[in-house]
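Visitor: This is a predicted model, with the sequence first.
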Amino acid sequence: MKTDRKIIQQRYREKNKELLKQKNKEYKEKNKELLKQKNKEYKEKNKERDKTKKSKYDKKYREQNKDKIAKTKKKNYEENKEKRREYFREYKKKRKENDKLYFLKEKYRNILYKAIKYKTSKNGSSESILGCTYEEFKIYLESKFEPWMNWNNYGLYNGTPNYGWDIDHIIPLTKAMTEEMLLKLNHFSNLQPLCSHINRNIKKGR
């Protein structure tokens, strides 16, 4: 039960809504800088707490809405597939022209892609880069397959987990600062089969 004082205060606020609203507005106008400073101090003081709170909320939201988020991502991917492809085609073309190391990275990626796609061990370049024959590399990858992985779903992607997989560089090629380091990062020991959803959305986003 409310005290008499609280009841009186509540009645006063209800009776003088417009007056209190006007006074509040005038106070804010007169004390803009002061309120701005207090707000800044409050944010600084509670920055870590708010960050933790938001992180917990985001995690909880993702856990409760996994299917919804997955469907939205899939829909966005399908609707913007061509635009994304065109953007990355232009981006890669311009980057290759101006960045020699990037050109080499794409070249080596292409060698590995062809080695897998055509399932051939005749490509001496790919073997020297991988540090093993294609057959050995194939067996190595298969030894790391998850139960749902097979050669029929290699390279597939639809925005959902466990649909397709990519050959992932454990230490990404972006870390390479020289051609020598680039070659080392393309060695089979730095490669693994990884869910395309994780590789293209989660790992690449970090």
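Guide: Good, I have the coordinates. Being a predicted model, the structure only gives us computed values, none of them experimental. Numbering: from 1, shown residues only.
Visitor: the helices in this protein, which residues?
Guide: Taking DSSP state H as the criterion, the chain carries its helices at 4-15, 17-30, 32-45, 47-64, 66-79, 81-98, 100-117, 124-130, 134-142, 179-185, 196-197.
Visitor: Going by mean pLDDT, which of the ones you listed comes out lowest?
Guide: Ranked by mean pLDDT, the helices of the chain bottom out at helix 100-117, with a mean of 68.
Visitor: Name the nearest residue to residue 84, sequence neighbours excluded.
Guide: Among residues not flanking residue 84 along the chain, residue 77 sits closest, at 7.9 Å (C-beta to C-beta, 6 or more residues apart in numbering). Yep, even glycine has a C-beta here, placed from its N, CA and C like the rest.
Visitor: Is that neighbour in contact with residue 196, as I believe?
Guide: No - counting by C-beta atoms under 8 Å, residue 77 sits too far from residue 196 to count as a contact (11.3 Å).
Visitor: Of the two, which one has the most company?
Guide: Counted by other C-beta atoms under 10 Å, residue 77 and residue 196 do not tie: residue 196 has more neighbours, with 23 against 16.
Visitor: What's the local residue count around residue 191?
Guide: Residues near residue 191, counting by other C-beta under 10 Å: 19.
Visitor: cool, and residue 178?
Guide: Counted by other C-beta under 10 Å, the residues lying close to residue 178 total 10.
Visitor: Give the closest residue to it in space, chain neighbours not counted.
Guide: Nearest to residue 178 is residue 101, by C-beta to C-beta, 6+ apart, at 7.7 Å.
Visitor: That's all I had, so thanks and see you.
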